[in-house]
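Asker: starting from these lines, generate the structure:
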Amino acid sequence: MNWHKWKQSTVAVAVALCLAFMAFLSGCSQQQASQTDSGQKGAVAATVADSDAALHVYMLNVGQADATLIQYKGQNMLIDTGDVDHRDELVKQLKEHHVKTLDAVMISHPHGDHMGGMAALFKAFPIKQIYDNGQAANTAMYKNYLKNIKNKKIPYTVLKRGDSFTFAGDIAFQVLSPGEPFTKKNTQGLSESGLTNNNSIVCKMTYGDFSILFTGDAQKEAEDQMLKLYDKKTLHADVLKVGHHGSKTSSSPAFVQAVSPKEGTISCGVNNQYKFPHKPTLDTLKKNHVNVYRTDQDGVISILSDGKSYQISKER
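Answerer: Numbering: from 1, shown residues only. Predicted structure coming up:
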């Protein structure tokens, strides 16, 4: 082979290798992007530093139920605890996130799919504080819950509209509902289950400029009440924990518009018997340009924030 042909061949090989390497890098980049979806709040939303001062929020995958783990500066808070049949999975996921003590537990309302994991938590972890809405339930689960609080001498606080508290020093919670309890006397046409849902604790968690609105199973009646009581600034949140697992009984168009979230998280079971989330709810979220994350499809939903920006990733 003469010098000219050898030089042409060498250049061609070099170009081919360079193009292949660039394609490989592009593929890696696309793969990483598929695993992490960033909340677009500012140009640095995708580069939130995972430091000791970062806030971690995990919408745990506990089937047709709710459980959210909040971690900040070495402290752990749990909002709702899943159902009875996912108790072992709940404890497993908490231990995977290095939880050894629960500094606070909040039960939004005394339905089994929100407080069903408490019996396992009492056995697995020291609990320093418990919050709930003060609503009693005539179930063995609820009676055992109160018995454990008393026997273990755990500080216990009932939360109502207008209350506020902080977690780990910097994380602020503002309770927006319930006020006067929903009852058959002041509400018509609702079942006992619907009344209990509407008495859910609804609270806004704020860390710097970042916020999440936790809604329990609050339905349209509770949402309408909040719309009358609060302005859009108070109701607004970057992330909405979509009420009642995405049921059409919650997430009214007016409420979603007032909250104006960029992201919505839905905790529900795969092929659940209620067919959650319902199409009207998904249509409302889509119409309001809300990015939807679902535990039945995405697994654990992870949120990281430095108080200025945030990013969301999903397990699958």
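Asker: what domains does the record give for this structure?
Answerer: What the record gives for the chain is the domain set 1-37, 46-314, from automatic domain parsing.
Asker: quick check: mean pLDDT across the shortest one?
Answerer: Within the predicted structure, the mean pLDDT of domain 1-37 is 43.
Asker: so what sits opposite the closest residue to Val290 other than its chain neighbours in the bridge?
Answerer: The shortest distance from Val290 to any non-neighbouring residue, by Cβ to Cβ, 6 or more residues apart in numbering, is to Gly264 (4.5 Å). Using the backbone N, CA and C atoms, a C-beta is placed for each residue, glycine as well. Note on Gly264: beta-bridge partners by DSSP bridges are Leu240, Val292.
Asker: so Gly264 is in contact with Lys286, correct?
Answerer: No. Gly264 lies out of contact with Lys286 (Cβ atoms under 8 Å); the separation is 9.9 Å.
Asker: compare the two (neighbour count), which wins?
Answerer: Neighbours per residue, other Cβ atoms under 10 Å: of Gly264 and Lys286, the larger number sits with Gly264, 26 against 12.
Asker: could you measure from that one over to Leu195?
Answerer: Distance of Gly264 to Leu195, computed by Cβ to Cβ, to the nearest Å: 25 Å.
Asker: residues touching the residue nearest the centre of the chain, list them.
Answerer: In the chain, the C-alpha nearest the mean C-alpha coordinate belongs to Met59, at 4.2 Å (Cα atoms, centre = their mean). Contact analysis of Met59 by Cβ atoms under 8 Å, 6 or more residues apart in numbering lists Ala67, Thr68, Lys241, Thr265, Ser267, Tyr293, Thr295, Val300, Ile301, Ser302, Ile303.
Asker: can you get me a residue count around the closest residue in space to it that isn't next to it in sequence?
Answerer: Leaving aside its sequence neighbours, Met59 sits nearest to Ile301 (Cβ to Cβ, 6+ apart; 4.0 Å). Per other Cβ under 10 Å, the neighbour tally for Ile301 reads 25.
Asker: please report the distance of the closest residue to Asp306 other than its chain neighbours from Ala54.
Answerer: Leaving out its chain neighbours, the residue that sits closest to Asp306 by Cβ to Cβ, 6+ apart is Val48, at 5.1 Å. Distance, Val48 to Ala54, by Cβ to Cβ: 7 Å.
Asker: and those two? Which one has more around it.
Answerer: Val48 (23 against 17).
Asker: the more buried one against Ser305, yeah?
Answerer: Yes. In this structure, Val48 is within contact of Ser305 by Cβ under 8 Å, at 6.4 Å.
Asker: list residues touching both of these two?
Answerer: Contacts common to Val48 and Ser305, judged by Cβ under 8 Å, 6+ apart, are Ala54, Gln311.
Asker: can you tell me the element the nearest residue to Lys232 once chain neighbours are set aside falls in?
Answerer: Excluding the flanking residues, the one nearest Lys232 by Cβ to Cβ, 6+ apart is Ala258, at 5.1 Å. In this structure, Ala258 sits in helix 253-259 according to DSSP states H and E.
Asker: got the buried residues for that helix?
Answerer: Of the residues in helix 253-259, Phe255, Val256, Ala258, Val259 count as buried by neighbour count, 16 or more other Cβ atoms under 10 Å.
Asker: relative to Val91, how far out is Met226?
Answerer: 34 Å.
Asker: how about the helices in the protein?
Answerer: Assigned by DSSP state H, the helices in the chain fall at 3-35, 87-96, 112-115, 118-124, 140-151, 192-198, 220-229, 232-235, 253-259, 279-287, 295-298.
Asker: what's in contact with the last one?
Answerer: To tie it back to what came earlier, the one meant is helix 295-298. Under Cβ under 8 Å, 6+ apart, the answer for helix 295-298 is 59-62, 265-272, 301, 314-316.
Asker: PyMOL command for the buried members of the residues you listed?
Answerer: To isolate the buried members of the contacts of helix 295-298 in PyMOL, using 16+ other Cβ under 10 Å:
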select buried, resi 59+60+61+62+265+266+267+268+269+301+314
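Asker: which one among the contacts of helix 295-298 gets closest to Glu180?
Answerer: Nearest to Glu180 among the contacts of helix 295-298, counting by Cβ to Cβ, is Ser267 at 27.6 Å.
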